[in-house]
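# one predicted model, sequence on top.
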Amino acid sequence: MPAASPRRHSWRVRLRHLYEAMTPEAKRFRYGLLALDAASLGWIVAASFQPRTPMVLAGDVALGLVLLGEFGLRLAANGRPVRALLRPLAVADLVAILSLLLAPLLSGALGFLRVLRTLRLLHSVRLIASLRSDLPFFRRNEEAALAATQLGVFLFVMTGVVFETQHRSNPAITNYADALYFTVTTLTTTGFGDITLPGTTGRLLSAVIMLAGVTLFLRLAQTLFRPAKVRFPCPSCGLTRHEPDAVHCKACGTMLQIPDEGEG
């Protein structure tokens, strides 16, 4: 028995390395998690176009088992797993996983919440650092990329909400494409009127989509049209955003030596 504790400690150290370190191996692992999220979201969307056959339900359960395994590893890597489990995004993540595991009973409801994990990953300090170092395009357009991700997550989540609350009772919404069409036309206030959400709940949901969606869209537009800046911490005052051709820090006047992109 005494040897079990060091072994568990070694596994936890290994897991924390994969989730938190900046080594090439750890970066590949976290990019793999993003790929897993993308695959899971693709499955959720594709399954909405299919009848709930035993094969589709089995696919939901299999995906749920894979995601549950990764969820358990993530908790094991955390120094305070109980606190991590009680975080809102972790609760949403667990609810989404359970909805997939219980797909034969729930018809896949709430699986769309899985997209929230992608937003959590993209706001991870270490993952952002990896993207900055590995992707010059992301380094140059970080704020716009994150704003676009937030808008995309909002679109997917609200599309999922519309689909899960309407496809059983609203004949105009039968799959994710219908729900996405309604969400986009509502967000842009186009409102063609060919698809509507009946009742008070439907009107309130439409209002939420319009208000929150327009806010996120305006934030994305601001980041796209705002003058580009580079990220380089000033050695004196710590200011991190500067004009691309800045020679001195505009806050304290310290001379800067901002490296150019080069070919690396």
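Happy to help now that I have it.
# quick check: buried residues in the host helix or strand of L63?
Here L63 sits within helix 54-77, counting by DSSP states H and E. Of the residues in helix 54-77, 56-57, 59-60, 63-64, 67-68, 70-71, 74-75, 77 count as buried by neighbour count, 16 or more other CB atoms under 10 Å. Heads up, the C-betas are built off the backbone N, CA and C, glycines and all.
# next one: stretch 144-157
Here stretch 144-157 shows 144-151, 153-157 as buried, counting by 16+ other CB under 10 Å.
# swap in stretch 159-172?
Neighbour counts over stretch 159-172 (16+ other CB under 10 Å) mark T159, G160, V161, V162, F163, E164, T165, Q166, H167, N170 as buried.
# low-confidence stretches in the stretch 151-264 of the chain?
226-228, 260-264 (pLDDT under 70).
# who's in contact with L98?
Counting by CB atoms under 8 Å, 6 or more residues apart in numbering, L98 touches G64.
# for the chain, which segments count as helices?
Assigned by DSSP state H, the chain shows helices spanning 4-20, 24-48, 54-77, 81-85, 88-101, 103-106, 115-122, 125-134, 136-140, 142-166, 176-187, 199-225.
# turn those into CSV, columns for distance to V247.
Formatted as CSV, the helices of the chain follow (distance: least, CB to CB, whole Å):
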stretch, distance to V247
helix 4-20, 36
helix 24-48, 33
helix 54-77, 43
helix 81-85, 44
helix 88-101, 42
helix 103-106, 59
helix 115-122, 33
helix 125-134, 23
helix 136-140, 20
helix 142-166, 23
helix 176-187, 43
helix 199-225, 25
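# find the nearest non-adjacent residue to R30, please.
Nearest residue to R30 in three dimensions, chain neighbours excluded: L127, at 5.4 Å (CB to CB, 6 or more residues apart in numbering).
# mind checking how far A179 is from A76?
Counting by CB to CB, to the nearest Å, the gap from A179 to A76 is 36 Å.
# cool, G199 as well?
In terms of CB to CB, G199 sits 44 Å off from A76.
# with R28 instead?
Using CB to CB, one gets 20 Å for the distance from R28 to A76.
# what's the answer for E143, then?
33 Å.
# which one among the buried residues of helix 54-77 gets closest to L94?
F71 (6.6 Å; CB to CB).
# ok, now which ones touch the closest one?
By CB under 8 Å, 6+ apart, the contact list for F71 reads D93, L94, I97.
# was I right to think the last one contacts L68?
Spelled out, that is I97. Yes - with contact defined as CB atoms under 8 Å, I97 and L68 form a contacting pair (5.1 Å).
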